[in-house]
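1. Based on what follows, work out the 3D shape:
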Amino acid sequence: QVQLVESGGGLVQAGGSLSLSCAVSGGTLSSYAMGWFRQAPGKEREFVAYASWSGSRRLYADSVKGRFTIFRDSAKNTVNLQMNNLKPEDTAVYSCAARKDYFTDYNIGDRYDYRGQGTQVTVSS
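-> Residues are numbered from 1 along each chain as shown. Modelled structure (predicted):
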């Protein structure tokens, strides 16, 4: 059974940076396409970033493009999200997700096979 565990969340001032990590166990990272999603209080879960099975294709929500970077670390079996120039509106619980088989609707959380519990990111103004 594949398990995903996020880490790296915390409290940061606006303009600061955080690096999130999603550890994959019970499976090999290269077997899965990976996504990051976030959910703020009272709001629906939204897509943040996606990396394909090989990592060669990376896609971002417009709201984070140019500020966030998703990258895979095969040696550590992790997928990471580097977040720079954080804004108060980035405050949310961030979670990672994994999908084994080919799909195109990478921005829909329910299309993934596995999801982590999430890590809280709070950006103060």
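2. tell me the centre residue of the chain?
-> Nearest to the mean C-alpha position of the chain, by Cα atoms, centre = their mean, lies Trp36 at 2.3 Å.
3. Let me see the contact set for that one.
-> Each residue near Trp36 by Cβ atoms under 8 Å, 6 or more residues apart in numbering is listed here: 20, 22, 48-50, 70, 79, 81, 94-97. C-beta coordinates here come from the backbone N, C-alpha and C atoms, glycine included.
4. Kindly indicate which of those residues lies nearest Arg115.
-> Ala97 (4.6 Å; Cβ to Cβ).
5. can the contacts of Trp36 go into JSON lines with extra columns for pLDDT, neighbour count and distance to Ser56?
-> Shown next, in JSON lines, are those (pLDDT from 0 to 100; neighbours: other Cβ atoms under 10 Å; distance: Cβ to Cβ, whole Å):
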{"residue": "Leu20", "pLDDT": "98", "neighbour count": "25", "distance to Ser56": "21"}
{"residue": "Cys22", "pLDDT": "98", "neighbour count": "27", "distance to Ser56": "19"}
{"residue": "Val48", "pLDDT": "98", "neighbour count": "25", "distance to Ser56": "19"}
{"residue": "Ala49", "pLDDT": "98", "neighbour count": "27", "distance to Ser56": "14"}
{"residue": "Tyr50", "pLDDT": "98", "neighbour count": "20", "distance to Ser56": "12"}
{"residue": "Ile70", "pLDDT": "98", "neighbour count": "23", "distance to Ser56": "12"}
{"residue": "Val79", "pLDDT": "97", "neighbour count": "29", "distance to Ser56": "14"}
{"residue": "Leu81", "pLDDT": "98", "neighbour count": "25", "distance to Ser56": "17"}
{"residue": "Tyr94", "pLDDT": "98", "neighbour count": "24", "distance to Ser56": "23"}
{"residue": "Ser95", "pLDDT": "98", "neighbour count": "23", "distance to Ser56": "23"}
{"residue": "Cys96", "pLDDT": "98", "neighbour count": "30", "distance to Ser56": "19"}
{"residue": "Ala97", "pLDDT": "98", "neighbour count": "26", "distance to Ser56": "19"}
